[in-house]
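[1] Give me a model of this one.
(2 chains)
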Protein chains: 2
Amino acid sequence: MEDLQNTRRTRGRRSQVDRSPATSPAYIRLSTPFVPQSVYSSDRIAAIHDGALRILEELGIKILLDEARQAFKAAGARVDEDSQLVRIGREIVESALATAPRSIRLKAANPAREQDYTLGSMLFMAGAGCPNAFDRERGRRPGDLQGYLDTLRLQQSFDVIHMHGPSVEPQDVPLQSRHYAMMRGQLENCDKPVFVYSRGRQQVEESFEMIRLARGLDKDAFANGVWATTVINSNSPRQLDVPMSRGIIDFARAGQMSIITPFCLAGAMAPITISGALMLQHAEALAGIALAQISRAGAPVSYGGFLSNVDMRSGSPAFGTPEHIKACIGSGQLARHIGLPWRSATGAASNLADAQGAAETVMALWGAVLGGATVTVHAAGWLEGGLTLGYEKFILDIEALQTIAELTKPEAADDDALGFDAIAEVSPGGHFFSTAHTMERYKAAFYRPLVADLSNYGAWVDAGSKSADQRATDIWKQTLAEFQAPSACHGVEERLEPFIRSREDAGGAPLED
Amino acid sequence: MEDLQNTRRTRGRRSQVDRSPATSPAYIRLSTPFVPQSVYSSDRIAAIHDGALRILEELGIKILLDEARQAFKAAGARVDEDSQLVRIGREIVESALATAPRSIRLKAANPAREQDYTLGSMLFMAGAGCPNAFDRERGRRPGDLQGYLDTLRLQQSFDVIHMHGPSVEPQDVPLQSRHYAMMRGQLENCDKPVFVYSRGRQQVEESFEMIRLARGLDKDAFANGVWATTVINSNSPRQLDVPMSRGIIDFARAGQMSIITPFCLAGAMAPITISGALMLQHAEALAGIALAQISRAGAPVSYGGFLSNVDMRSGSPAFGTPEHIKACIGSGQLARHIGLPWRSATGAASNLADAQGAAETVMALWGAVLGGATVTVHAAGWLEGGLTLGYEKFILDIEALQTIAELTKPEAADDDALGFDAIAEVSPGGHFFSTAHTMERYKAAFYRPLVADLSNYGAWVDAGSKSADQRATDIWKQTLAEFQAPSACHGVEERLEPFIRSREDAGGAPLED
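    Below is the predicted model:
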């Protein structure tokens, strides 16, 4: 209770100075200020690209969905129906790369939150797909609808999160109607670009219908804008399953965005070298991009990579390791080689929101940033390599994202900012507190930390010796307590209710696998 | 006890695979693989440089040491003895920049640990100058000789620390003989380039004499190599005190290296804008470099900056903030503008080795790396903005430094590394565990974490649910328990003993202020 009061006082002070990091318009649209880095020479990037084309052409990719194999066959690929292997000639890939858009406008309930998804933009998504949730008050527990809604509201509350995603899996909702609850959660609480799982044709089509109902769009208006995004994971190595193949086709035909994301673990489901794993990732991503473009030329599709190594002691996926950072930078080189926007990811293997978890996420975040990622997924809240979404970890990671976001702001260096006169005014050994140069700027001079506590040791002990994750508890609780759905969501519940009731009465929609 | 056994087992496994992060020769000499980033356009960097020259020329810098003012006067500067202000014409600065060396070979007891201090090299120093020490077993306490020796031994034990520094201040040793204990600690336990405090002419000369005795150097051999480094802090704004001025002169004359490091806090002792604070920093650094070159043309001297902002809530120095990162990158631009190697710093304001502390240090570390810093000081162990050296924080930060060090290794991408044949060998949906490509490489494939625990939640709970800082306790204890002085230190104690005893008998050497 005292913690909550402290938080309130802090937030009160914050609003007195008219500046809250949570709702800074400066974080809504970001462009990277960094020159992308490289780990490979451009000729080796060309060799990796060429090797990926050779994998597709000579070895092929196994595609479990009949319709997808037929589409590739019609486009000229060699299909072996017994093995389900599809060998994709380089001319098919090259044709796909020629029609895939370089820039994709992501629509949102709030037009101010639309995004240009393109190389040079810098977007962040929260940790997604977690079967469990954790917070310091309730401990670790299987994900449920309340956790799903809590984390959506946290996503909505911080401008530095640019696209919504399913942070916590609502395992207490039956699978055949889970998509109603998940879409409803986003559409009633959130005004940023939304996410749709590719879990079967009927679920996807019903999800699109809920977007149209909620946002008041007719079929044409929906088809002419990118209102939904899905993530497509291949089953590395060289395999695309039924719901993923179906998702690529259905999203492409509907003009909605697929983010093709092989999840290649070097040393397990991919070669042990980062360059070899990148070549496999690249082949699988190109296959997905090709399927999207075959389904509809010009369909919005994103290159993607989520490549790290396995830890040799535990066999677990590693995050923020040198190999992960190199993979992020190398993926960015490949994305620029083909000219497409791309998705990276950060994350943490740590079981706690401790120093390890922070270092893992921040290291990998820099990998994504220096790789020039268009969107960085799992950027807030991941613990245990994504098995758990941590509420405190979410808040701590928001601080890191806000730090990166602040770096996108141009830094004033005109003569007035340099302040020669202020320097002349202050005697040697003096201070600048009361110069006009300082007084004019101090209110907005510096980033104001969300959760970092910079008070000295004595003051920190007097305030209860709280660790960063303890302070983060106060912040997520206060954020959720104060949450109000944005105005773009008013009336959505009423518009969705009849549709969902009728579909629930009909038994919901099946998963596809 | 069980912890220690775990650590032993872990270390045992590590040596079985013949690979220990602590003693990887790959970390001994590092070159940055990164393209330096920019926060200012090159014309604004030129404007900041020009503004700094104007500060020196028109406003001047107050220099408290008579000898230094006289040296500047002899070089053509305008000196006002009443105010002690020295106005330094730009021709004096330009002449100094023409003679300051671009590359400095730092000598070490172990020739394998010598370093080329130049733009493009990437060196790390541990947290330095801390009046307190902290570890999870003994808590927070005033720094003492044991803490000083412990942290030197930790520095020596990890190859990613490239130069020694005084992590913990041995406050239990009287000031007039503290330099004997501090030099002895380094010379008897360490074989990397050593540090000498500029605390007065006699202390500095005696410290040089101890280096000569310990390393078996005659006066010429010492004078012809850079065997000692000191850090010179100006008293911002625009002031250089007696011991710092004396240090610059004495190190320059002795051919030893000064790292000129204004500590400018934007909004307190420097202008509130990062660009204005950089202009002040640059002026003060140029004044120090000029004094070194006036004292002896060609003297080894480093540009340096330690610029961050004050936290507007607490008034404390901030680390890892957007402003700190921008200042690091901007300092790097200024260093490249004048062509000199430079020193940056990371650090943390956190009172604990928690998620805040990790994020602060890693964020600032990337600022230094992307600024192209030659050496990054305070890179391991700083807590409370440098008021405390944390043993666990030291270990955790070593992991971050080793991660950066791994990034300097070229990543194989030849056809053999790409492994097309391995990809051909594995069926769709299969795994690479048993391919020849994996078997040939798995032992040395990935960075092996020092303290990060990637085991899954159940295994982690079974092992005691330890946070990263708890695991770090085991590691520093084991490292100190196993410590052995390197062979280059054999016989040093006997060589130093008579000198120190005779100087102690004579009452030691005074500080200078």
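[2] From here on, just use CA atoms for contacts and neighbour counts.
    Fine.
[3] which SS state does residue A:52 fall under?
    helix (DSSP: H, G, I helix; E, B strand; the rest coil).
[4] That one contacts residue A:283, correct?
    Yes - counting by Cα atoms under 8 Å, residue A:52 touches residue A:283, with 4.4 Å between them.
[5] Give me the below-cutoff pLDDT ranges for chain A.
    For chain A, the stretches with pLDDT under 70 are A:1-25, A:513.
[6] same thing but 80
    Along chain A, segments meeting pLDDT under 80 span A:1-25, A:512-513.
[7] how near is the residue of it most remote from its centre to residue B:236?
    Going by Cα atoms, centre = their mean, the residue of chain A most distant from its centre is residue A:427, 49.9 Å out. Residue A:427 sits at a distance of 10 Å from residue B:236 (criterion: Cα to Cα, to the nearest Å).
[8] if we can go back for a sec, looking at it, the residue farthest from the centre of chain A is touching residue B:237, isn't it?
    Yes - applying Cα under 8 Å as the test, residue A:427 and residue B:237 come out as touching, 7.5 Å apart.
[9] Common neighbours of the two, please.
    Overlap of the contact sets of residue A:427 and residue B:237 (by Cα atoms under 8 Å, 6 or more residues apart in numbering or on different chains) is empty.
[10] Report the buried residues of stretch A:98-105.
    By neighbour count on 16 or more other Cα atoms under 10 Å in any protein chain shown, the buried set for stretch A:98-105 is A:99, A:100, A:101, A:102, A:103, A:104.
[11] Mind checking which of those residues land in helices?
    Taking DSSP state H, the ones among the buried residues of stretch A:98-105 that sit in helices are residue A:99.
[12] Could you save the buried residues of stretch A:98-105 as JSON lines and add columns showing distance to residue A:477?
    Shown next, in JSON lines, are the buried residues of stretch A:98-105 (distance: Cα to Cα, whole Å):
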{"residue": "A:99", "distance to residue A:477": "46"}
{"residue": "A:100", "distance to residue A:477": "43"}
{"residue": "A:101", "distance to residue A:477": "41"}
{"residue": "A:102", "distance to residue A:477": "40"}
{"residue": "A:103", "distance to residue A:477": "37"}
{"residue": "A:104", "distance to residue A:477": "35"}
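[13] what's the closest of the buried residues of stretch A:98-105 to residue A:512?
    Closest approach between the buried residues of stretch A:98-105 and residue A:512, by Cα to Cα: residue A:100, at 26.9 Å.
[14] That closest one: what's it in contact with?
    Each residue near residue A:100 by Cα under 8 Å, 6+ apart is listed here: A:289, A:293, A:297, A:298, A:299, A:300, A:301, A:340.
[15] got the contact list for the last one?
    Meaning residue A:340. A:100, A:101, A:102, A:118, A:119, A:302, A:303.
[16] Could you pull up the residues touching the last one?
    Put plainly, it is residue A:303. With Cα under 8 Å, 6+ apart, residue A:303 has these contacts: A:259, A:260, A:261, A:285, A:286, A:289, A:335, A:340, A:341, A:342, A:343.
[17] And the next helix or strand past whichever strand or helix holds it?
    In the assignment (DSSP states H and E), residue A:303 maps to strand A:301-304. Toward the C-terminus, strand A:301-304 is succeeded by strand A:306-309 as the next helix or strand (DSSP H and E).
[18] Name the residues of the very next helix or strand once past that following strand that come out as buried.
    Downstream of strand A:306-309, the next assigned helix or strand under DSSP H and E is helix A:322-338. Across helix A:322-338, burial judged by 16+ other Cα under 10 Å covers A:322-336, A:338.
[19] quick one: helix A:322-338 near chain B?
    Yes - Helix A:322-338 lies within reach of chain B by Cα under 8 Å from any Cα of the partner chain, at A:322, A:323, A:326.
[20] and which of the residues you listed is nearest chain B?
    residue A:322 (5.3 Å; Cα to the nearest Cα).
[21] list the contacts for the closest residue to residue A:144 other than its chain neighbours?
    Once flanking residues are discounted, residue A:144 sits nearest to residue A:170: 3.9 Å by Cα to Cα, 6 or more residues apart in numbering or on different chains. Contacts for residue A:170 (Cα under 8 Å, 6+ apart) come out as A:131, A:143, A:144, A:145, A:146, A:147, A:148, A:178, A:182.
[22] Where do the helices of the stretch 401-513 of chain A begin and end?
    Along the stretch 401-513 of chain A, the stretches classed as helices by DSSP state H, counting those that start in this stretch are A:415-418, A:420-425, A:436-439, A:457-462, A:468-481, A:492-505.
[23] To chain B, which of those helices lies closest?
    Closest to chain B of these, according to Cα to the nearest Cα: helix A:415-418, at 3.9 Å.
[24] What ranges does the stretch 251-400 of chain A have for its helices?
    Using DSSP H, counting those that start in this stretch, the helices found in the stretch 251-400 of chain A span residues A:274-295, A:322-338, A:355-370, A:391-407.
[25] Could you work out the end-to-end span of stretch A:95-106 for me?
    Start-to-end, stretch A:95-106 (Cα to Cα) is 24 Å.
[26] no wait, stretch A:309-318
    Across stretch A:309-318, the terminal residues are separated by 6 Å (Cα to Cα).
[27] in the stretch 101-250 of chain A, which spans are helices?
    A:145-157, A:175-189, A:201-215, A:219-223, A:242-253.
[28] The second one to helix A:201-215, inter-axis angle?
    Taking axes from the mean of the first three to the mean of the last three Cα atoms, to 10 degrees, one finds that helix A:175-189 is oriented at 20 degrees with respect to helix A:201-215.
[29] So for helix A:175-189, what gets flagged as buried?
    Within helix A:175-189, the residues that count as buried by 16+ other Cα under 10 Å are A:177-189.
[30] who touches it?
    Taking Cα under 8 Å, 6+ apart as the rule, helix A:175-189 contacts A:145, A:148-149, A:152-153, A:156, A:164, A:166, A:170, A:173, A:194, A:196-197, A:203, A:207, A:210-211, A:214, A:484-486, A:489-490, A:492-493, A:496, A:500, A:504, A:507-511.
[31] swap in the first one?
    With contacts defined as Cα under 8 Å, 6+ apart, helix A:145-157 is touched by A:22-23, A:126, A:133, A:161, A:164-173, A:181-182, A:185-186, A:189-192, A:391, A:476, A:479-480, A:483.
[32] Only the buried subset of those, as a PyMOL command please.
    Typed into PyMOL, the line below selects the buried ones among these, using 16+ other Cα under 10 Å:
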select buried, chain A and resi 22+126+133+161+164+165+166+167+168+169+170+171+181+182+185+186+189+190+191+192+391+476+479
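[33] can you redo the helices of the stretch 401-513 of chain A as a markdown table with distance to chain B?
    Formatted as a markdown table, those follow (distance: least, Cα to the nearest Cα, whole Å):
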| stretch | distance to chain B |
| --- | --- |
| helix A:415-418 | 4 |
| helix A:420-425 | 6 |
| helix A:436-439 | 6 |
| helix A:457-462 | 6 |
| helix A:468-481 | 6 |
| helix A:492-505 | 35 |
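[34] and those helices, which is most packed in?
    Ranked by mean neighbour count under mean count of other Cα atoms under 10 Å in any protein chain shown, these are led by helix A:468-481, which reaches a mean of 20.
[35] What is it packed up against?
    helix A:2-16, helix A:145-157, helix A:391-407, helix B:355-370 (3 or more Cα pairs under 8 Å, 6 or more residues apart in numbering or on different chains; DSSP states H and E).
[36] most neighbours per residue, which of those helices?
    Mean neighbours per residue, mean count of other Cα under 10 Å, is largest over those for helix B:355-370, with a mean of 28.
[37] Check which helices and strands it sits against.
    Applying 3+ Cα pairs under 8 Å, 6+ apart, we find helix B:355-370 packed against helix A:355-370, helix A:391-407, helix A:468-481, helix B:322-338, strand B:342-345, helix B:391-407.
[38] Of those, which is nearest residue A:310?
    Among the helices and strands packed on helix B:355-370, helix A:355-370 sits nearest to residue A:310 (Cα to Cα), with 14.2 Å.
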